[in-house]
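Visitor: When you get a sec, could you give me coordinates for this:
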Amino acid sequence: MLSYRMANIQFNYLYRDAGNYKNFGSVIFANPSNIGVTELSGLIQSNLIDQTWFYNHYWHLPDLRPKTFNNHTDPTWHEFERVGYTDEAANFKIELSEFIKLIMRESRE
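Guide: Numbers count the residues shown, from 1 in each chain. Next comes the predicted model:
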């Protein structure tokens, strides 16, 4: 059974090209600070472009754009989907609290 205390956080996002084809991805953050998903979701959305999009390279997230990416017609941003608790092991190089600091720093620049 999933324990919500000290649970890791899964960040789900996608890339949607001009033809509406989608590539989905996610990363799992260690969450030793026990940050809640409601608080986290609000913080992320307040730092998105129109509460939806972000540039993956600013947030150091893997690029989901396909090899067929066309910089004349396809958007360059990724789309935030949701965050949620998971009992899966963390697979991202930084902890959630560091990711939040990165988001906040990039939104000020």
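Visitor: Could you use CA atoms for every contact and neighbour count after this?
Guide: Will do.
Visitor: list the buried ones in the helix or strand bottoming out on mean pLDDT in the chain?
Guide: Across the helices and strands of the chain, mean confidence by mean pLDDT, DSSP states H and E is lowest for helix 96-108: a mean of 88. Of the residues in helix 96-108, 96, 99, 103-104 count as buried by neighbour count, 16 or more other CA atoms under 10 Å.
Visitor: Strands of the protein, start to end?
Guide: Here the chain has its strands, by DSSP state E, at 8-16, 22-29, 53-54, 78-86.
Visitor: picking up where we left off before, please tell me how far the least confident helix or strand of the chain is from the chain's geometric centre.
Guide: 11 Å (CA atoms, centre = their mean, to the nearest Å).
Visitor: For Asp17, see how far away Lys67 is.
Guide: Between Lys67 and Asp17 the computed distance is 12 Å (CA to CA, to the nearest Å).
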